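*Asks:* Need coordinates for the following:
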Amino acid sequence: MEVSTQTTKLWVFGYGSLCWHPGFEFSNQQLGFIRGFSRKFYQGNNSHRGTREKPGRVATLIEEDEATTWGMAFELVGEMALKYLEQRECTLGGYRTLITMFYPRNGTMTPFPALLYIATPGNSQWLGPAPLHEMASQVTECSGESGHNAEYVIRLADFVRDNLPEVYDEHLFTLESLVRLRMKEKNIELAQLLTKKNSATQQPLDQQQGQEQHPAAENGAEVRRDSFQYQSRVAPKKLLCLKV
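*Replies:* Numbers count the residues shown, from 1 in each chain. Predicted coordinates:
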């Protein structure tokens, strides 16, 4: 897919960790949904939230005619944003790309095409469906380079509750409840699992006005641009010619 430098804006739809940790530069973000897919924790992960010996579970999308999945769309800025996503989602995550229609929640923007990363049963990290109580047990036992698998599930559920209170995601919320129950059974404190890599999108959008700096930077901590800590908001720019 060629992206014109004159007329086309490239957007990516986040429905997992991209919602609360984009990790790339973007000029705009919009809450909204896509149609024809449901969010499921069927994809394994042996880098970000698990290891090869103990892979974690992360979200992917399953085609389902009547389903909708809510999340956050980001307008990408610059060539490095797309390269970062290809490394994070495709090389390490095992996802492939699709283009789908995104429907903004704000009621003023018309629907527009967005890039979508989706895992399918053909990739090497695919785990597939399992009873939710088994998924919860697996999640509470796994961690990777980006943190504990339980953090991934809980932060995603918190994002939906905080920013989309009208949305009920049964699969996500049931898994989160079971993960919290397993943690309680194992005497695992939530604070022990949560990293301090909070991004501005972890707060409800109506509380983000004027926040241009990453929370870690406010305390003098270094924020690496190649990690999930990095997020910035910049003035809209034209994209370079990119290929997906």
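
*Asks:* Can you tell me the element the residue lying closest to Glu189 once chain neighbours are set aside falls in?
*Replies:* Counting by CB to CB, 6 or more residues apart in numbering, the nearest residue to Glu189 once its immediate chain neighbours are dropped is Met183, at 7.9 Å. In this view, the C-beta of every residue, glycine as well, is placed from N, C-alpha and C. Using DSSP states H and E, Met183 sits in helix 170-185.

*Asks:* Quick one: distance of that helix to the chain centre.
*Replies:* Remark: helix 170-185 is offset 19 Å from the chain centroid, using CA atoms, centre = their mean, to the nearest Å.

*Asks:* buried ones in it?
*Replies:* His171, Leu172, Leu175, Glu176, Leu178, Val179, Arg180, Arg182, Met183 (16 or more other CB atoms under 10 Å).

*Asks:* So what touches whichever helix or strand comes after that helix?
*Replies:* Toward the C-terminus, helix 170-185 is succeeded by helix 190-193 as the next helix or strand (DSSP H and E). Helix 190-193 is contacted by residues Ser143, Gly147, His148, Ala150, Glu151, Ile154, Arg180, Met183 when judged by CB atoms under 8 Å, 6 or more residues apart in numbering.

*Asks:* List the residues that contact the third one.
*Replies:* What that stands for is His148. Here His148 is in contact with Arg49, Cys142, Leu193, Leu194 (CB under 8 Å, 6+ apart).

*Asks:* The second one and Gly50 touch, don't they?
*Replies:* Yes: using CB atoms under 8 Å, Cys142 and Gly50 qualify as a contacting pair, with a distance of 4.2 Å.

*Asks:* What sits closest to Gly56 if chain neighbours are left out?
*Replies:* Gly50 (3.1 Å).

*Asks:* Could you look up the SS state of that neighbour?
*Replies:* coil (DSSP: H, G, I helix; E, B strand; the rest coil).

*Asks:* Tell me how many other residues surround it.
*Replies:* Residues lying near Gly50 (other CB atoms under 10 Å) number 27.

*Asks:* swap in the one 10 residues further on?
*Replies:* Neighbouring residues of Thr60 were enumerated by other CB under 10 Å; the total is 27.

*Asks:* show me what contacts it?
*Replies:* Gly16, Arg39, Lys40, Phe41, Tyr42, Gln43, Tyr95, Ile118, Ala119, Thr120.

*Asks:* Tyr117 now?
*Replies:* Val12, Leu85, Glu89, Cys90, Gly93, Tyr95, Arg96, Thr97.

*Asks:* Give me the subset of these that lies in strands.
*Replies:* Judged by DSSP state E, the subset of the contacts of Tyr117 located in strands is Val12, Arg96, Thr97.

*Asks:* Who are the packing partners of the host helix or strand of Phe26?
*Replies:* Using DSSP H and E, Phe26 maps to strand 25-45. Judged by 3 or more CB pairs under 8 Å, 6 or more residues apart in numbering; DSSP states H and E, strand 25-45 is in contact with strand 56-76, helix 78-85, strand 96-104, strand 112-118, helix 149-163, helix 170-185, strand 232-233.
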